[in-house]
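Structure for this input, please:
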Amino acid sequence: VCIVCNVVKLWASAFGGEIKSISTKYSGSQLLQKKYKDQEKSVRLEEVDGAKLVKTVAENMEEIFRRKAEATRRLVEAAEEAHLQHEENPDLQYEYFNAVLINEVDEDGNSVELGGEFILEPNDHFNNLSVNLSLSVVQVPTNMYNKDPDIVNGVYWSEALNKVFVDNFERDPSLIWQYFGSAKGFFRQYPGVKWHPDEHGVISFDCRNRKWYIQAATSPKDVVILVDVSGSMKGLRLTIARQTVSSILDTLGDDDFFNIIAYNQEIHYVEPCLNGTLVQADRTNKDHFREHLDKLFAKGIGLLGEALAEAFTILNEFNQAGRGSVCSRAIMLVTDGATKMYDDVFAKYNWPERKVRIFPYLIGRESAFADNLKWMACTNKGYFSQISTLADVQENVMRYLHVMSRPKVIDHEHDTVWTEAYVDSALGVSKGPNPVTTVAMPVFSTKNETVSCGILLGVAGTDIPIQELMKTVPKHKLGIHGYVFAITNNGYILMHPDLRPLYQEGQKRRKAHYSSVDLSEVEWEDTDDFLRTAMVNRKTGTFSMEVKRTVDKGVRIIPVCDYVCSVGVALSRGHGKYFFKGNVSLEAGLRDLEQPDVALAHEWTYCNTDEHHEHRYLTQIQAIRLYLTGRKPHLKCDRELIQQVLFDAVVTAPLEAYWTGLALNKSENPDKGVEIAFLGTRTGLSRTNLFVAPEQLTNQDLLTAEDNEGVFNADHFPLWYKRAAEQVPGTFVYSIPFSSARENKSVVLASTAIQLLDDRKSPIAAAVGIQMKLDFFQRKFWTASRQCNALDGKCTISCDNEDIKCYLIDNNGFILVSEDYSQTGLFFGEVEGVVMNKLLLMGSFKRITLYDYQALCKEYAGSSDSAHTLLDVTKVLPDISLNVCVSAERAQRRTMMVPCDTEYPAFVSERTIKETTGSIECEGCMRTFVIQQIPSSNLFMVVFYRLCVPITFNPLAHNESLKCERLKFQKDRKRPDSCHPFHPEENAMECGSAATLSPTLVAAVFPILTFFISR
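Numbers count the residues shown, from 1 in each chain. All right, here's what the predicted structure looks like:
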């Protein structure tokens, strides 16, 4: 073993020296280090003031929120005034631009009705969609009649919003989609854009089901849904009932709580583990209950009285305990009839206060028991509806929202609501793939004759891209691993770098109904919810916690913004604690900044070019010049950041000449193994130099928008920069980009950090690196592994020997070199599991458990889409069972990706261990191995004798999201500040066809109503 040890050490030294020499030479790292060291005495070192930084971020975000809220308020005022001036006309004929029909023609080439020519032009501000900046369009759900008098009248008076839409956009060019969602069901959207039906010719989008509409239209509510599953509900009636319940769930938002009870002669909780409680109406819980609806079947007789008593008990106990919404309460009754009025139940639980509203939905065409259900609605401030067909479900369910919104409308409270970050799949055509948050306000009828009716006209809203919020963050002050995050009152993410709305594996498809990611699901190290609870309760302060990424420790600082969010800043300790400032002349800085090899971080804000239309088409470098030369006095720029990016431009400028000299020297890089040299600095400045023609690049995505992990983004530094910063100074980090390994365009990146001072805590000034061909890199390895100390040159040990296997792995256990080329990029434990197990037991590597609560899992085991670095925790890593020697066939079933919670075992090398030897016995064979660190790198050479059976690895994914304990568990949340459960002036007789009650019933109802109202 000692002989092997010495030889492997020789190989490692030879390869390490060769590859470091190449990396150092072509990256120019020594030159750049010298240029920054030359500035050491002239720069000023400052400690990052976290409290000041987070206050600045909160103020910047508040300003954005304020401007968007003002734009929405102008829409509300214009809509209410337009409706006030409009007289309803049931015979009104009006041609409007229908979002689906615009620019459509019939067989004769003529424009179809409600279509017409609608000018559309591509606009990069709206994701390069073709839009009309002068007009809005109107979308009407497929199940509604385009020319219904209510629709036509609403569309007619809301035309007045076009002028306000345009005016808002001129005042604030950063605005994107503005809209008005009508209580009648139509949706007016600006700028105008064409909508396209799905493959079935349907557009299922109904604005009244969107979170922004629900939250703005009604106060938070606790709801119990009672579903009749007696024998008379068999067949079509039960199908309609299921759809009715599902539609009711659509109208519930994150501030609401609910449960569903099925009843016949017994009471059955649809989810048995949630007996006697309510759960938050988030997407996960609602989808979980929908799955259980399909399991309902009809039999027996229906005892409604017991079901009502159970519903009242839950609602009252929950409310008295201060749980749930602590605001409005309602019982939704889905049945085909009631044999009596159950006034004894209402007298016991709900009268005289009538704090729980009753909404009966009569299923089927029969109306024998309709009077009893109408009576229940009218005497309990609710609304009665009859649903005869599936087509009737949507509109009838929506009517209850009108009743629930009445108190808010009579109070005339224009509460402003904000949603969490979401990607609306229904509006994907128009909103694009990027997450947004929506600000929305209700729109009321202000006509005198409708005051007591409390008529909600609809909801006005506008979207804010999360990207715009991120642009307010001074990323250069946060450091390499620092970031900003914000949450809503429910603890849901508004902004966080780990928020992932897209599928993994590079496929830019949205996850279905993506929203409602809780802070605890991305800051999972916060096991006691200390951070989350403090932020939800709007507390401020600072605290530290361990973070299992490459950052050893992190500090979170929590301030609060005045709207519906809390903001936090995460700062890493060590080099992330300091920031340095240097000075250069304006002339020198601009000269070097404007060189063709220079680029600035696309998503960083050096100058705000969004505030004025004339600035929108300026590049950041153009804007900086105009700002510094005083030619654009209205341009708002970050002077401190600009001064430092000019400094970095001057200090890094000599590398351009250095790289050019190498490229022009024909004797250098003869086999074109090194393709690109690149650098990035703390201010988001980058330089690149090609050593080969662009079309000859093995991986053309490096440092482009396609290479998301490899560029400066609003929420992160490049991955090669972050990894280099965590290594010992002077060490190069080698890695294979995950995307390029998968696509077989394999390259190796080498990068190293440039420090300002000779101190571990020194701020990192820059990182520099190269891209080389994988086969070039591997050839260097195989050449080194053929060396030996034999005088005759005949080596007894070589990686070419059949009984010896050689690998090159990185510090996270991923293979860069293997005799089997197809193993490149795989996790070493998946190929040589027994050896990896032994390395873990010996302490050469340690296992770290990571979690992902936003994961998507394949339903079969054995996925090898593994991460290539501990930093990149979004891919599934294989699990290892220690001391196991087995073999197994990998399942080959193809199934769809499903949301899941995943535990990730990640692995990291122990830095203090330079070499290790060991042996393993497995199925009667003995394997001896040597692991040797490659000097000045993050790499290890692994060499061993004899083959042994590999073990099979399975991802450890556990779908706990929907387990009973998690469903029951209610995290802290801050309730909305306003609540409008009822109003003494509301007209409770607007309760759904109450005028058709029989004379006897009317006589019975009125004495009771008079008594209640007088109280």
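
Every contact and neighbour count from this point should use C-alpha atoms.
Fine.

check contacts around the nearest residue to L31 once chain neighbours are set aside.
Nearest residue to L31, sequence neighbours excluded (CA to CA, 6 or more residues apart in numbering): L655, at 7.5 Å. Going by CA atoms under 8 Å, 6 or more residues apart in numbering, L655 touches G28, L31, L32.

Okay, and L655 sits in which element?
Assigned by DSSP states H and E, L655 falls within helix 654-664.

how many other residues sit next to V517?
By the criterion of other CA atoms under 10 Å, V517 has 23 neighbours.

My understanding was that it contacts Y492; is that so?
Yes. Applying CA atoms under 8 Å, one finds V517 in contact with Y492, separated by 5.4 Å.

what's the following helix or strand after the helix holding L655?
Following helix 654-664 in sequence order, the next helix or strand is strand 674-681 (DSSP H and E).

From the contact counts, what lies against that following strand?
Counting contacts by 3 or more CA pairs under 8 Å, 6 or more residues apart in numbering; DSSP states H and E, strand 674-681 packs against helix 2-27, strand 685-690, strand 764-773.

Compute the distance from the centre of it to the centre of its chain.
In this view, strand 674-681 has its centroid 31 Å away from the chain centroid, taken as CA atoms, centre = their mean, to the nearest Å.

please begin residue numbering at 33 from this point
Got it, the first residue is 33 from now on, which makes the last one we talked about strand 706-713.

partners of that strand, with directions?
strand 717-722 (antiparallel), strand 796-805 (antiparallel) (DSSP bridges).

contacting residues around the helix or strand following the shortest one?
Toward the C-terminus, strand 717-722 is succeeded by helix 751-757 as the next helix or strand (DSSP H and E). Residues from elsewhere that reach helix 751-757, judged by CA under 8 Å, 6+ apart: 512-513, 582, 712, 741-743, 763-765, 781-785, 796, 798-800, 903.

mean confidence for helix 751-757?
For helix 751-757, mean pLDDT rounds to 90.

How about stretch 265-279?
For stretch 265-279, the mean pLDDT works out to 95.

same question, stretch 223-237
For stretch 223-237, the mean pLDDT works out to 86.

CA atoms of that stretch as CSV?
The C-alpha trace of stretch 223-237 is given here as CSV (Å, rounded to 0.1, in the frame of the first residue of the first chain):
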residue,chain,number,x,y,z
PRO,A,223,-52.2,46.7,-22.0
GLY,A,224,-54.4,44.9,-24.5
VAL,A,225,-53.1,41.4,-25.4
LYS,A,226,-54.6,38.5,-27.3
TRP,A,227,-55.8,35.5,-25.3
HIS,A,228,-55.7,31.9,-26.6
PRO,A,229,-58.0,29.1,-25.6
ASP,A,230,-56.6,25.8,-24.5
GLU,A,231,-56.6,22.7,-26.7
HIS,A,232,-60.3,22.2,-25.9
GLY,A,233,-61.2,25.7,-27.0
VAL,A,234,-61.8,26.8,-23.4
ILE,A,235,-60.5,29.6,-21.3
SER,A,236,-61.4,28.6,-17.7
PHE,A,237,-60.0,31.8,-16.2
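
any weak-confidence spans in the stretch 583-732 of the chain?
Within the stretch 583-732 of the chain, the segments meeting pLDDT under 70 span 583-597.

circling back: which of the residues in the helix holding L687 are buried?
The neighbour-count check on helix 686-696 (16 or more other CA atoms under 10 Å) flags L687, E688, W691, A695 as buried.

I'd like the distance from it to the chain centre, please.
Mean-position distance between helix 686-696 and its chain equals 42 Å (CA atoms, centre = their mean).

Next, the angle strand 717-722 makes with it.
10 degrees (axes from the mean of the first three to the mean of the last three CA atoms, to 10 degrees).

and whichever helix or strand F344 is part of, what other elements does it pack with?
Following DSSP H and E, one finds F344 within helix 336-352. The contact analysis (3+ CA pairs under 8 Å, 6+ apart) places helix 336-352 against strand 253-260, strand 289-295, helix 375-381.

tell me which residues in the longest one are buried?
Going by neighbour count (16+ other CA under 10 Å), the buried part of strand 253-260 is K253, D254, V255, V256, I257, L258, V259, D260.

how about the third one, what does it touch?
Right, V255. Counting by CA under 8 Å, 6+ apart, V255 has contacts D288, F289, F290, N291, L347, R361, A362, I363, M364.

Mind pulling up the pLDDT for it?
97.

again with V962
So V962 comes in at 89 (pLDDT).

number of nearby residues for it?
23.

cool, K571 as well?
For K571, the neighbour count with other CA under 10 Å is 13.

Distance of it relative to V441?
32 Å (CA to CA, to the nearest Å).

Ok, Q819 next?
According to CA to CA, Q819 stands 85 Å off from V441.

what about those two, which has more around it?
V441 (28 against 19).

any idea how far L788 is from K73?
Applying CA to CA, the value for K73 to L788 is 10 Å.

So those two - more neighbours on which side?
L788 (23 against 8).

Give me the pLDDT for that one.
In this model, L788 is scored at 83, pLDDT.

Repeat that for V468.
V468 carries a pLDDT score of 86 in this model.

Which residue, other than its chain neighbours, is closest to it?
Nearest non-adjacent residue to V468, counting by CA to CA, 6+ apart: P497, 4.3 Å away.

Contacts only, for that neighbour.
For P497, the contacting residues are I208, N466, P467, V468, T469, by CA under 8 Å, 6+ apart.

Look up which helix or strand the residue lying closest to K318 once chain neighbours are set aside falls in, please.
Once flanking residues are discounted, K318 sits nearest to L281: 6.5 Å by CA to CA, 6+ apart. Element membership for L281 (DSSP H and E) is helix 268-282.

which parts of that helix are buried?
Result for helix 268-282 [16+ other CA under 10 Å]: buried residues 269-282.

now for the residues you listed, which pair is the farthest apart?
Distance extremes for the buried residues of helix 268-282: the farthest pair is R269 and D282 at 19.9 Å, using CA to CA.

circling back: save the contacts of L687 as JSON lines, and put in distance to G396, pLDDT and neighbour count too.
Output for the contacts of L687, formatted as JSON lines (distance: CA to CA, whole Å; pLDDT from 0 to 100; neighbours: other CA atoms under 10 Å):
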{"residue": "G60", "distance to G396": "79", "pLDDT": "96", "neighbour count": "22"}
{"residue": "L63", "distance to G396": "82", "pLDDT": "96", "neighbour count": "16"}
{"residue": "L64", "distance to G396": "79", "pLDDT": "95", "neighbour count": "23"}
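
okay if I get these as JSON lines plus distance to E1022?
What follows is the contacts of L687, written out as JSON lines (distance: CA to CA, whole Å):
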{"residue": "G60", "distance to E1022": "79"}
{"residue": "L63", "distance to E1022": "81"}
{"residue": "L64", "distance to E1022": "77"}
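
Mean neighbour count, the strands paired with strand 706-713: which tops it?
strand 796-805 (a mean of 26; mean count of other CA atoms under 10 Å).

who's in contact with that strand?
Against strand 796-805 from outside (CA under 8 Å, 6+ apart): 55, 58-61, 68, 607, 705-714, 730, 753, 756-757, 778-788.

let's see it at 6 Å
Strand 796-805 is contacted from outside by 59, 705-714, 753, 779-788, using CA atoms under 6 Å, 6 or more residues apart in numbering.

Report how many residues lie close to S357.
S357: 24 neighbours (other CA under 10 Å).

Q125 now?
By other CA under 10 Å, the residues close to Q125 number 12.

do you know how far it is from F201?
According to CA to CA, Q125 and F201 sit 30 Å apart.
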